[in-house]
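>>> After the sequence you'll find the predicted model.
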Amino acid sequence: MSKPTISDLARAAGVSVTTVSHAFSGRRHVDPDTRRRIQDLAAQMGYHPSSMARALRSGRTGTIALASSMPFAVAAGPSRLGFLMEIAASAAMSALSRDLALCLIPPHPTAQASSAAGFDGVILVEPMRDDPMVAHFEARNTPIVSIGTVPGRPDIPSVDIRSAETATLLLAHLADQGCRHIAALIGTSPRTSQIEGEAAYRAFVADHALPATLDHLDEAGGEEAGYRATLRLLGAEPGIDGIFAAIDAFASGAVRAAHDLGREIPAQLRIVTRYDGLRAKLSQPPLTAVDLHLPAVAEQAVQLLLSRIEGAGGRALAEVPELVPRRSSTASAG
């Protein structure tokens with residue numbers, strides 16, 4: 001008995017071959033009820049779409065990539081690739097549901113230098129201004145979308161992850177907890193999250209007539225950079241009672257410095273950070289952070305990339321970030 005073809009499935013479902021193709025690829029909108037009916041019939045008939053045949057017809061590999069130029073010291077460590085891996089896991093599921101494979105290019109120079117494999121498109125996580133990863137893939141005519149807007153490149157489709165709102169949310173929380181001298185630890189790399197985080201900090205302390213203490217740290221320094229900066233800042237300005245760390249590795253270093261200085265958290269020093277990953281959850285005390293809704297962001301990015309592969313542009317806006325209060329900033333948190 002011969003295997004059912006896409007034409008057989010289309011006839012059984014009462015739709016066109018094109019609709020069946022789109023129902024499996026996800027590259028065009030198909031009514032959800034129609035998609036489910038097609039997929040149910042495919043299961044009953046034993047039909048399986050041929051990824052090899054599709055690749056031959058379209059000239060595509062059926063594989064997309066996810067990459068970032070974030071330094072290994074920030075992206076790795078206790079969080080096991082943290083921010084990047086959480087996005088990758090969700091993006092892989094989203095790609096799989098569209099019969100695509102996702103390749104993760106780890107945040108390490110050797111991995112980035114060898115990323116010459118052919119991909120149908122790539123999602124870049126928080127690219128910086130003049131990011132070498134952007135140049136790398138553009139030189140290969142690989143469609144690109146970004147999670148976090150690319151400074152200076154409004155032409156690259158992106159998911160805006162609301163970095164300014166996130167920073168303001170954390171700063172307002174510290175002020176609500178009684179902080180009157182908030183220091184900021186901001187990364188030096190020109191990524192939108194750091195650029196907008198610094199701008200939000202400067203605007204917030206100006207609007208609330210608070211002293212401004214801002215330190216720029218090399219992301220490659222990771223937790224150690226946050227530790228040394230906090231020791232230095234608290235030594236120079238002992239009145240600091242709050243720390244906004246734009247990167248979770250910096251926050252981990254700040255917690256360690258506070259412990260070494262005998263500064264009780266949160267009674268004498270309150271610390272918050274942007275990303276609610278394992279570093280935040282496993283910290284002692286656990287760190288107040290923000291739920292950035294990364295699974296939904298990954299889904300948006302995959303859909304945006306598929307549109308980009310088809311020649312469309314566009315932008316998406318992430319869900320409103322939600323504060324996750326913990327004991328690093330409020331004694332009443334669980």
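It's in.
>>> Need phi/psi at the spatially closest residue to E198 that is not a sequence neighbour.
In space, and not counting its chain neighbours, E198 is closest to I186: 4.9 Å by C-beta to C-beta, 6 or more residues apart in numbering. For the C-beta atoms, the positions are set from N, CA and C on the backbone; glycine is no exception. Main-chain dihedrals, I186, degrees, to the nearest 10: phi -120, psi 140.
>>> what bridges to I186?
H216 (DSSP bridges).
>>> ok, now R191?
Applying DSSP bridges, one finds that R191 bridges with M128.
>>> Tell me, what's the model's pLDDT at it?
Here, the pLDDT recorded for R191 equals 95.
>>> Please determine how far it is located from L170.
17 Å (C-beta to C-beta, to the nearest Å).
>>> what do you get for V272?
For V272, the distance to L170 - C-beta to C-beta - is 5 Å.
>>> Could you tell me which residues touch both of these two?
244, 288 (C-beta atoms under 8 Å, 6 or more residues apart in numbering).
>>> Tell me which of these two has more neighbours.
The neighbour comparison of V272 against L170 (other C-beta atoms under 10 Å) goes to V272, with 32 against 29.
>>> Where does that one fall, secondary structure wise?
Using DSSP states H and E, V272 sits in strand 270-275.
>>> how distant is that strand from the center of its chain?
Put simply, strand 270-275 sits 17 Å off its chain's centre (C-alpha atoms, centre = their mean, to the nearest Å).
>>> Can you name the element that comes right after that strand?
helix 278-282.
>>> what helices or strands is that following helix leaning on?
For helix 278-282, the elements it packs on are helix 248-261, judged by 3 or more C-beta pairs under 8 Å, 6 or more residues apart in numbering; DSSP states H and E.
>>> where does the protein have low pLDDT?
Counting by pLDDT under 70, the chain has low-confidence residues at 1-2, 25-28, 49-60, 72-81, 107-117, 333-334.
>>> Show me the strands in this structure, by range?
63-67, 101-105, 121-125, 144-147, 158-160, 182-187, 213-217, 242-245, 270-275, 288-291, 315-317, 322-324 (DSSP state E).
>>> any residues touching the last one, and which ones?
Looking back up the chat, that one is strand 322-324. So strand 322-324 is in contact with 169-170, 173, 276, 280, 288-291, 293, going by C-beta under 8 Å, 6+ apart.
>>> Is there a neighbour count for S94? I'd like the number.
23.
>>> Would you mind measuring from it to L104?
Counting by C-beta to C-beta, the gap from S94 to L104 is 13 Å.
>>> Could you check how far I147 is from A42?
Distance from I147 to A42, by C-beta to C-beta: 32 Å.
>>> So which of these two has more stuff around it?
The neighbour comparison of I147 against A42 (other C-beta under 10 Å) goes to I147, with 28 against 21.
>>> Can you give me the buried ones in stretch 88-106?
88-92, 94-95, 100, 102-106 (16 or more other C-beta atoms under 10 Å).
>>> Repeat that for stretch 30-47.
Neighbour-count burial for stretch 30-47 [16+ other C-beta under 10 Å]: 30, 34-35, 37-39, 41-42, 47.
>>> thinking again about what came up before, could the strands of the chain go into TSV alongside distance to L261?
Below are those laid out as TSV (distance: least, C-beta to C-beta, whole Å):
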stretch	distance to L261
strand 63-67	38
strand 101-105	39
strand 121-125	34
strand 144-147	36
strand 158-160	38
strand 182-187	14
strand 213-217	16
strand 242-245	12
strand 270-275	13
strand 288-291	20
strand 315-317	41
strand 322-324	26
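>>> Report the inter-axis angle for the strand holding V272 versus strand 182-187.
30 degrees (axes from the mean of the first three to the mean of the last three C-alpha atoms, to 10 degrees).
>>> Helices along the protein, start to end?
Remark: helices assigned in the chain by DSSP state H are 6-13, 17-25, 32-45, 51-58, 72-75, 82-96, 109-113, 132-138, 163-176, 192-207, 222-236, 248-261, 278-282, 294-309.
>>> Quick check: which of the ones you listed is buried the most?
Stretch with highest mean neighbour count among those: helix 248-261 (a mean of 24; mean count of other C-beta atoms under 10 Å).
>>> what distance separates that one from the centre of its chain?
23 Å.
>>> Convert the C-alpha atoms of it to PDB, please.
Taking C-alpha atoms only, helix 248-261 is exported to PDB below (Å, rounded to 0.1, in the frame of the first residue of the first chain):
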ATOM      1  CA  ASP A 248      21.900  39.500  36.900                       C
ATOM      2  CA  ALA A 249      25.600  38.500  37.200                       C
ATOM      3  CA  PHE A 250      26.300  42.000  38.500                       C
ATOM      4  CA  ALA A 251      23.600  41.600  41.100                       C
ATOM      5  CA  SER A 252      25.100  38.300  42.300                       C
ATOM      6  CA  GLY A 253      28.400  40.100  42.800                       C
ATOM      7  CA  ALA A 254      26.600  42.900  44.700                       C
ATOM      8  CA  VAL A 255      25.100  40.400  47.100                       C
ATOM      9  CA  ARG A 256      28.500  38.800  47.800                       C
ATOM     10  CA  ALA A 257      30.000  42.300  48.400                       C
ATOM     11  CA  ALA A 258      27.200  43.200  50.800                       C
ATOM     12  CA  HIS A 259      27.800  40.000  52.800                       C
ATOM     13  CA  ASP A 260      31.500  40.600  53.000                       C
ATOM     14  CA  LEU A 261      30.900  44.200  54.200                       C
END
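>>> Perfect, I'm done here.
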